[in-house]
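Undergrad: build me a model:
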Amino acid sequence: MNKYCFAKCFFVGILLLSLSNSLLGQYSKLPDRGAVWKVLFEEHDGPNVRLSLEQMTYTQDSIINGLTYKFIEGYGASPLHENFGLLEDTIQKKVYLRFLKHSNCCAPDSNYLIYDFSMGIGDSMKVERIGLPYPIYWKVIDTGKIVVDGQWRNYLDVYSKGMLGLKFDRWIEGIGSQLLIARPLFPLFGWEIRSELVCFRDSSQGVFYEPLKSTYPDIICSGNVGIVNIEKPKIIIYPNPVTDLLSIDLPENEGPFHITIWNTHGQKISEPIIRYRPCQIDLGYLDKGPYLLMVSNENSNNKYLILKK
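TA: Okay, here's the model as predicted:
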């Protein structure tokens, strides 16, 4: 290879690497009109469990005080089942929520910060709203990138700690919470309602994201909403509280899984390697107290609160 060819190839390589890094660092904006989020709600009434599939849709824009809000509507748009608008600051990488009419929890003339994608590990985001005697804090415990339909997206793994316990979530740029798009404003509930993002579709940009496709193969993103009859594959964690050995039963038809353990300060404690199923993790060396156990693969990100005795 002559010097000219080497220099040319080296220059092209540097250019491609710079372009790749630039693209990886780009902020992914909220979707265009027509985007759809489908969320699976799990409601517990004593021993009875009801699963329902609900849809949220970005239907139109609303201009308020010269600012353009993306209007989100649908039964599951928020835990209070009220529609709202999203205001995005793409420079600061922040997203605000505004109810378009009076709500039991929030004033219609206020913008509530629900996402701050400029945060890094250890940073916290303060959320204040009517009806709570104290503000809500979301703390970042991990950051990273995932591929969504061929496109790189940044994400934040976060948790919120309050009187009713701990809540964990993953926020993805341009999509939002993997639990519910308005979840950052409503992290802690007194009733037993869980939610999981089943699929996200933005046809205008050709983006299709099904984080739980292998978990719920019978749920079709373009299908109807309403009560669904499916069997939830379970990851079983026992015993909890734990003294030394923690056992984890994983679904046989999924994997490989990655396990991490975090403390409540957002510090990664351990990344045990899964060699056998069911797997056992020795936690005897940990101090007493609560820890976050994350069990994830390319299709799911499961979080569990474990208590070390």
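Undergrad: can you pull out the helices in the stretch 101-250 of the chain?
TA: Remark: no helices are assigned in the stretch 101-250 of the chain by DSSP state H, counting those that start in this stretch.
Undergrad: poorly predicted segments of it, please.
TA: By pLDDT under 70, the low-scoring segments of the stretch 101-250 of the chain are 101-108, 129-133, 161-166, 187-194, 213-234.
Undergrad: one more pass at 80, please.
TA: The stretch 101-250 of the chain contains residues with pLDDT under 80 at 101-109, 128-136, 161-168, 183-195, 203-207, 211-236, 240.
Undergrad: residue contacts, the closest residue to residue 248 other than its chain neighbours?
TA: Once flanking residues are discounted, residue 248 sits nearest to residue 279: 5.2 Å by C-beta to C-beta, 6 or more residues apart in numbering. The C-beta positions use only the backbone N, C-alpha and C, and glycine is treated the same way. The contact partners of residue 279, by C-beta atoms under 8 Å, 6 or more residues apart in numbering, come to 247-248, 250, 259, 272.
Undergrad: drop anything exposed from those residues.
TA: Buried residues within the contacts of residue 279, counting neighbours by 16 or more other C-beta atoms under 10 Å: 248, 250, 259, 272.
Undergrad: show me which pair in those is furthest apart.
TA: Pairwise distances among those were taken by C-beta to C-beta; the largest, 12.7 Å, belongs to 250 and 272.
Undergrad: what's around residue 122, how many residues?
TA: For residue 122, the number of neighbouring residues by other C-beta atoms under 10 Å comes to 11.
Undergrad: mean confidence for stretch 61-72?
TA: Averaging pLDDT along stretch 61-72 yields 91.
Undergrad: measure it end to end?
TA: Start-to-end span of stretch 61-72 (C-alpha to C-alpha, to the nearest Å) is 9 Å.
Undergrad: can you list the neighbours in contact with it?
TA: Under C-beta under 8 Å, 6+ apart, the answer for stretch 61-72 is 30, 33, 56-60, 83-88, 98, 100, 181.
Undergrad: among these, which lie within strands?
TA: Among the contacts of stretch 61-72, the residues falling in strands (DSSP state E) are 56-60, 84-88, 98.
Undergrad: tabulate those (a markdown table), appending neighbour count and distance to residue 149.
TA: Shown next, in a markdown table, are these (neighbours: other C-beta atoms under 10 Å; distance: C-beta to C-beta, whole Å):
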| residue | neighbour count | distance to residue 149 |
| --- | --- | --- |
| 56 | 25 | 19 |
| 57 | 18 | 19 |
| 58 | 22 | 17 |
| 59 | 15 | 22 |
| 60 | 13 | 24 |
| 84 | 27 | 26 |
| 85 | 23 | 26 |
| 86 | 21 | 21 |
| 87 | 19 | 25 |
| 88 | 18 | 20 |
| 98 | 19 | 29 |
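Undergrad: so can I have JSON lines of the residues you listed showing distance to residue 72?
TA: Formatted as JSON lines, these follow (distance: C-beta to C-beta, whole Å):
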{"residue": "56", "distance to residue 72": "6"}
{"residue": "57", "distance to residue 72": "7"}
{"residue": "58", "distance to residue 72": "6"}
{"residue": "59", "distance to residue 72": "8"}
{"residue": "60", "distance to residue 72": "10"}
{"residue": "84", "distance to residue 72": "6"}
{"residue": "85", "distance to residue 72": "7"}
{"residue": "86", "distance to residue 72": "6"}
{"residue": "87", "distance to residue 72": "12"}
{"residue": "88", "distance to residue 72": "12"}
{"residue": "98", "distance to residue 72": "11"}
